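J.: build me a model:
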Amino acid sequence: MGEIAREARVRSGLTQADVAERVGLATEVYGRLERGRMLPSVPSLRRLCIALRTPSDTFLGLNTGEVATWVAESSPPEYEEVPELRRLMRTLRKLDASQLKLIGLVAAALQKR
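T.: Prediction:
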């Protein structure tokens with residue numbers, strides 16, 4: 001999400017401070033968002049979409065038509081031994097490709113923390 005925000009900001013000819021002001025965030029917070037160190041709240045994402053004139057689907061990676069690579073990879077066999085992972089896998093199997101891609105982005109962001 002951060003790379004997309006940076007590309008849209010540069011394309012718009014805005015500084016990080018400009019975007020932060022329009023979105024209602026501190027410049028430092030917006031900088032962390034661009035570096036992929038945090039995800040915006042839903043209201044902040046909405047304001048970011050408006051400020052950068054970029055659809056939310058673009059920020060969420062939902063308009064590429066590709067399935068996230070982590071979905072295509074097979075899970076290690078030990079996931080079946082952990083009840084929480086079994087429940088999560090049952091839930092994931094019910095999602096469509098765009099929902100899985102979104103979950104992948106969230107998981108990647110959590111992994112970086």
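
J.: helices or strands up against the longest helix seen in the chain?
T.: Scanning the chain for the helix with the most residues, using DSSP state H, yields helix 97-112. Identification of packing neighbours for helix 97-112 by 3 or more CB pairs under 8 Å, 6 or more residues apart in numbering; DSSP states H and E yields helix 56-60, helix 69-72. C-beta: built from backbone N, CA, C; applies to glycine.

J.: ranking those by mean pLDDT, which is last?
T.: Taking the mean pLDDT of each of these, the lowest value is held by helix 69-72, a mean of 46.

J.: which element is encountered next along the chain beyond that one?
T.: Under the assignment DSSP states H and E, the closest C-terminal helix or strand after helix 69-72 is helix 83-93.

J.: chain center to that following helix: distance?
T.: For helix 83-93, the distance between its averaged C-alpha position and the chain's averaged C-alpha position is 21 Å (CA atoms, centre = their mean, to the nearest Å).

J.: so what are the domain limits for the chain?
T.: The domain map for the chain lists 2-60, 69-112, with the assignment taken from automatic domain parsing.

J.: so which of those domains is the most packed in?
T.: Relative to the other members of those, domain 2-60 carries the highest mean neighbour count by mean count of other CB atoms under 10 Å, namely a mean of 16.

J.: just the terminal-to-terminal distance for it.
T.: 10 Å (CA to CA, to the nearest Å).

J.: coming back round to it: and the longest helix of the chain, what's its mean pLDDT?
T.: Helix 97-112 comes out at a mean pLDDT of 86.

J.: so where is the chain shaky, pLDDT-wise?
T.: 63-82 (pLDDT under 70).

J.: roughly how far apart are the closest residue to Ala8 other than its chain neighbours and Val106?
T.: In space, not counting the residues next to it along the chain, Ala8 is nearest to Leu52; the distance is 4.0 Å by CB to CB, 6 or more residues apart in numbering. When CB to CB, to the nearest Å is the yardstick, Leu52 and Val106 sit 21 Å from each other.
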